[in-house]
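K.L.:
below are the sequence and a predicted model for it; my questions follow.
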Amino acid sequence: VTSINFADQTEGRPIMSVSSALSGLAAGMNVTQASGQPGSDGATIRVRGNGTFNTNSPLVLVDGIEWSMDNVNPNDIESISVLKDAASTAIYGTRAANGVILITTKSGKGKPQISYSYSGVVQMPYNNLSFVSDYARYMGLVNEACDNVNTKGIFSQESIDRWRAASADPNGLNEYGVPNYVAYPNTDWFDEIFENGYSQEHNLSISGGSEKIRYLLSLGYLDNQGVMGRFGIDSSTQKVNFRTNLEADVTKWFTAGVRLFGQRQEYGLANISNAFNALYQTTPGVYPGSVNAWGRPALAAEESSNANNIFGMMYGSGGYNNSTRVNGSVYATIRPYRGVSVEATVNYSPTFGERHSYGRENGYWDYTTDTRYSSSDLSNAGVSNTTSRNYYLSSEILARYTATVDDHDFGVLFGYSAMEYRTWGWGVSKQGATDWTLNDLGTYETLSGSSSTAKNGWGLRSYFGRINYAYKNRYLLEANLRADGSSRFGSNNRYGI
């Protein structure tokens, strides 16, 4: 078991996702971040490596409830524990085979405290990839590669010489009156795509407590613009988080509490993933251009068909993509006798997703002749509305008994848990816009598709127990037993022990 004091370990670090912030904080835990795109920058976590051909992700419990750690405000986290060996994870059943990560959020105590923090971060591309930006040199290298495999060169020597001459006089004009630096581009696409970005985070919390009541209220806002935002290309994400942790000792033997978390997240619709693929396929012989006038290959007759304008690929659709998440728990604990406690928890966690996307004018321009090459057709423009819904409903009852007799310590735990998951959704798409400024579903002419997903899901039910014995805190014995039942199996073969 590894315990992480998250607040102390991450102090002074800009945190965009909790999972990526865990890198290097626990031995035996591998954290890999595959993307830096805002909203998709969560990391893949492996505890003690890969243990199966299926999912290898650890079970994540936030205040005892299964939940994504990246949906937790980092400023609300008190501590994190990583359970890595079979003995410590056994009580959590088969889903804990790849380890367990326990996250505990903050609670109030002492005098009322009001805390506000602000963090502003300037973001810059970390690894500046060096691509060949001299198109004449690029064409020469391609021809050299062709010679090495005994095939005819793709580019003519006349084209190479013409480019070199134009590059030597960038402000000169071609026969169409276009400056040479535009008509004969030498584009460094890495410098064109990436720019400095900015992220800001605001957090406000109110906490406190007395002998009988403890409370925490927190509100957080994150705006991560990312580093790919030229020409109104939206790759950003925004989050608003709200949390309430309230606990009260109603009597000496009865405690009740509420934990409520809400989050609203917005995602940009920029086609970032394809941009990285195109970055390795395009050439410096494409002028970037501007919105609805993206440059095409200046040497189209000889250039590869993969030499696309990356901005034209990323610009794509307009609209919005939003997710609203709620996680609410009600729990109570009774202590009828000394050493005996019974705790019951009910949790409901729905997620609502809405996506509205529509086509935008995305034409191309021939910057060699300074004429339009292509225009977007209103009849081909499309719009789509997609809605998704899902929820987790879970309940858990734990009964504990502890006792100490001389040098002997005893502990017994019995538990029952049940979880239900349901998901459903629907979508509608239409084609044929009446005007580029009208983007509602009703302003498009032809229904091109519709879909719906019937409510489906799964259920789990578990019974478990644990017995602990310690003699002089030196000799320890622990035994666990758990029975898990899943709706994914037939009624005659549903439970496993």
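P.N.:
Received, thanks. Remember, it's a predicted structure, so these values are computed and weren't measured experimentally.

K.L.:
can you show me the strands along the stretch 301-450 of the chain?
P.N.:
317-334, 340-359, 364-366, 371-374, 382-405, 408-433, 444-471 (DSSP state E, counting those that start in this stretch).

K.L.:
mind putting those into JSON lines with mean neighbour count and distance to Leu83?
P.N.:
The C-beta positions use only the backbone N, C-alpha and C, and glycine is treated the same way. Listed next are those as JSON lines, based on neighbours: other C-beta atoms under 10 Å; distance: least, C-beta to C-beta, whole Å:
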{"stretch": "strand 317-334", "mean neighbour count": "17", "distance to Leu83": "21"}
{"stretch": "strand 340-359", "mean neighbour count": "17", "distance to Leu83": "19"}
{"stretch": "strand 364-366", "mean neighbour count": "20", "distance to Leu83": "55"}
{"stretch": "strand 371-374", "mean neighbour count": "12", "distance to Leu83": "58"}
{"stretch": "strand 382-405", "mean neighbour count": "16", "distance to Leu83": "17"}
{"stretch": "strand 408-433", "mean neighbour count": "16", "distance to Leu83": "16"}
{"stretch": "strand 444-471", "mean neighbour count": "14", "distance to Leu83": "14"}
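
K.L.:
dump those strands to TSV, plus mean pLDDT and distance to Glu175.
P.N.:
Compiled in TSV, these are given as follows (pLDDT from 0 to 100; distance: least, C-beta to C-beta, whole Å):
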stretch	mean pLDDT	distance to Glu175
strand 317-334	96	38
strand 340-359	96	35
strand 364-366	94	14
strand 371-374	94	13
strand 382-405	96	40
strand 408-433	95	38
strand 444-471	93	43
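
K.L.:
mind checking which of those strands is nearest Gly153?
P.N.:
strand 364-366 (24.7 Å; C-beta to C-beta).

K.L.:
which residues sit against that closest one?
P.N.:
289, 293-296, 309, 312, 371-374 (C-beta atoms under 8 Å, 6 or more residues apart in numbering).

K.L.:
can I take it that Asn274 is in a strand?
P.N.:
No: Asn274: not assigned to a strand; according to DSSP: H, G, I helix; E, B strand; the rest coil it is helix.

K.L.:
gap between it and Thr251?
P.N.:
61 Å (C-beta to C-beta, to the nearest Å).

K.L.:
between these two, point out the one with more neighbours.
P.N.:
Taking other C-beta atoms under 10 Å, Asn274 and Thr251 do not tie; Asn274 has more neighbours (14 against 10).

K.L.:
how far out from the middle of the chain is the longest helix along the chain?
P.N.:
The longest helix of the chain (DSSP state H) is helix 135-148. Centroid displacement of helix 135-148 relative to its chain, using C-alpha atoms, centre = their mean, to the nearest Å, is 40 Å.

K.L.:
buried stuff in that helix?
P.N.:
Of all the residues in helix 135-148, those buried under the rule 16 or more other C-beta atoms under 10 Å are 135-140, 142-143.

K.L.:
now, the most widely separated pair of the residues you listed?
P.N.:
Tyr135 and Asn143 (12.6 Å).

K.L.:
now the strands of the stretch 301-450 of the chain as CSV including distance to Thr237?
P.N.:
CSV is the format used below for the strands of the stretch 301-450 of the chain (distance: least, C-beta to C-beta, whole Å):
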stretch, distance to Thr237
strand 317-334, 10
strand 340-359, 14
strand 364-366, 29
strand 371-374, 32
strand 382-405, 18
strand 408-433, 21
strand 444-471, 25
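
K.L.:
of all these, which lies closest to Phe190?
P.N.:
strand 364-366 (21.6 Å).

K.L.:
partners of the closest one in the sheet?
P.N.:
Sheet pairing for strand 364-366, assigned by DSSP bridges, gives strand 293-295 (parallel), strand 371-374 (antiparallel).

K.L.:
contact partners of the last one?
P.N.:
Surrounding strand 371-374, the residues in contact under the criterion C-beta under 8 Å, 6+ apart are 293, 296, 363-366.

K.L.:
pull the CA atoms of that strand into PDB?
P.N.:
Extracted C-alpha coordinates of strand 371-374, given in PDB (Å, rounded to 0.1, in the frame of the first residue of the first chain):
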ATOM      1  CA  THR A 371      -7.800  32.600 -57.700                       C
ATOM      2  CA  ARG A 372     -10.300  30.500 -55.800                       C
ATOM      3  CA  TYR A 373      -9.800  26.800 -56.300                       C
ATOM      4  CA  SER A 374     -12.900  25.400 -54.500                       C
END
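
K.L.:
chain center to it: distance?
P.N.:
With C-alpha atoms, centre = their mean, you get 38 Å for strand 371-374.

K.L.:
distance check, Ala248 against Val330.
P.N.:
To Val330, Ala248 is 12 Å away according to C-beta to C-beta.

K.L.:
before we move on, what about Gly93?
P.N.:
Taking C-beta to C-beta as the measure, Gly93 and Val330 are separated by 23 Å.

K.L.:
dump the contacts of strand 371-374 to JSON lines, plus distance to Thr283.
P.N.:
Shown next, in JSON lines, are those (distance: C-beta to C-beta, whole Å):
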{"residue": "Ala293", "distance to Thr283": "19"}
{"residue": "Arg296", "distance to Thr283": "12"}
{"residue": "Gly363", "distance to Thr283": "21"}
{"residue": "Tyr364", "distance to Thr283": "15"}
{"residue": "Trp365", "distance to Thr283": "17"}
{"residue": "Asp366", "distance to Thr283": "16"}
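
K.L.:
secondary structure element holding Ala278?
P.N.:
Assigning secondary structure by DSSP states H and E places Ala278 in helix 272-279.
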